[in-house]
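1. Pasting the sequence and the predicted model now:
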Amino acid sequence: MPTAMAAPHPIHCDVLLGELKAELRRAMLARRADWNPALGTRVAGHVLEHAPPPSGAVCALFWPLPGELDVRPLLHALHGRGHRVALPVTPKRGLPLAFRRWRPGMPLSSGRFGTRHPADGESLVPDWLLVPLLAFDAAGHRLGYGAGYYDRTLAALPHATAIGAAFAAQHVPEVPAGPDDIPLAAIATEAGIVRTRR
């Protein structure tokens, strides 16, 4: 009588997923040098016209790292429309992001991994988030930098709307994703808004 085969140990799936993500991460970081961060102005226009946050929403964006799409035009535009705007504060690994209110001209402090956030001020809980990424697919899966901060944050904010901010060239056929990877509702690129198949 044949013996039942043991189920594969989950670590093998985790290891494979990690390897696939790392490979795609290296490829996208290498390609990003050819893209123009100033295209963030177009992204701001598309968001404001086709996917704006609801009136009164607390909006969380991000201060761009070198090579990332420059979303500061959208930061200023949303503040000008009366939204409370926040930037993420990166805590130690394993925790979700915190958010601190941002206003134009206020001093910024350096955070983990080269991030920038208000030196002090009011803590906010966002209703609407613009999320950085390295790659995305039609299902709304995103590839981040590997620390899992945004996945933990989005899991803790199940009723918030989260859209990605990306160059159109960051669209790939498939992003390796596991059960803890939270898909996005849409991606804003310089070419327009990509609605995802969540």
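-> Arrived safely.
2. all contacts plus neighbour counts: C-alpha atoms, from now on.
-> Will do.
3. chain center to the top helix by length along the chain, what's the gap?
-> The longest helix of the chain (DSSP state H) is helix 10-31. Mean-position distance between helix 10-31 and its chain equals 17 Å (CA atoms, centre = their mean, to the nearest Å).
4. Name the residues that touch it?
-> Helix 10-31 is contacted from outside by 134, 135, 143, 144, 145, 170, 175, 176, 177, 178, using CA atoms under 8 Å, 6 or more residues apart in numbering.
5. Nearest to residue 40 among these?
-> Using CA to CA, residue 170 is the member of the contacts of helix 10-31 that lies nearest residue 40, at 13.9 Å.
6. what about the closest one, how many neighbours?
-> Around residue 170 there are 20 other residues, counting by other CA atoms under 10 Å.
7. Now the element after the helix or strand of the chain with the lowest mean pLDDT, going C-ward?
-> Among the helical and strand segments of the chain, the one scoring lowest on mean pLDDT, DSSP states H and E is helix 10-31, with a mean of 84. On the C-terminal side of helix 10-31, the closest following helix or strand by DSSP states H and E is helix 40-50.
8. and that next one, what's its mean pLDDT?
-> For helix 40-50, mean pLDDT is 97.
9. same check, this time on stretch 86-96
-> 94.
10. Go through the least confident helix or strand of the chain and flag the buried ones.
-> Judged by neighbour count using 16 or more other CA atoms under 10 Å, the buried positions of helix 10-31 are 21, 22, 24, 25, 28.
11. Quick check: which ranges of this structure have low pLDDT?
-> 1-12, 198 (pLDDT under 70).
12. and if we set it to 50?
-> 1-12 (pLDDT under 50).
13. residue ranges of the helices in it, please?
-> Assigned by DSSP H, the helices in the chain fall at 10-31, 40-50, 72-80, 149-156.
14. Could you dump these into TSV and include distance to residue 96?
-> Shown next, in TSV, are the helices of the chain (distance: least, CA to CA, whole Å):
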stretch	distance to residue 96
helix 10-31	20
helix 40-50	25
helix 72-80	21
helix 149-156	5
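15. I'd like to know which of the ones you listed lies nearest to residue 105.
-> Judging these by CA to CA, what sits closest to residue 105 is helix 72-80, at 10.4 Å.
16. Off-centre distance for the closest one?
-> Helix 72-80 has its C-alpha centroid displaced from the chain centroid by 17 Å (CA atoms, centre = their mean).
17. tell me the centre residue of this structure?
-> residue 131 (2.4 Å; CA atoms, centre = their mean).
18. separation between the nearest residue to it once chain neighbours are set aside and residue 109?
-> In space, residue 131 comes closest to residue 164 once its chain neighbours are excluded; the distance is 4.6 Å by CA to CA, 6 or more residues apart in numbering. Distance of residue 164 to residue 109, computed by CA to CA, to the nearest Å: 24 Å.
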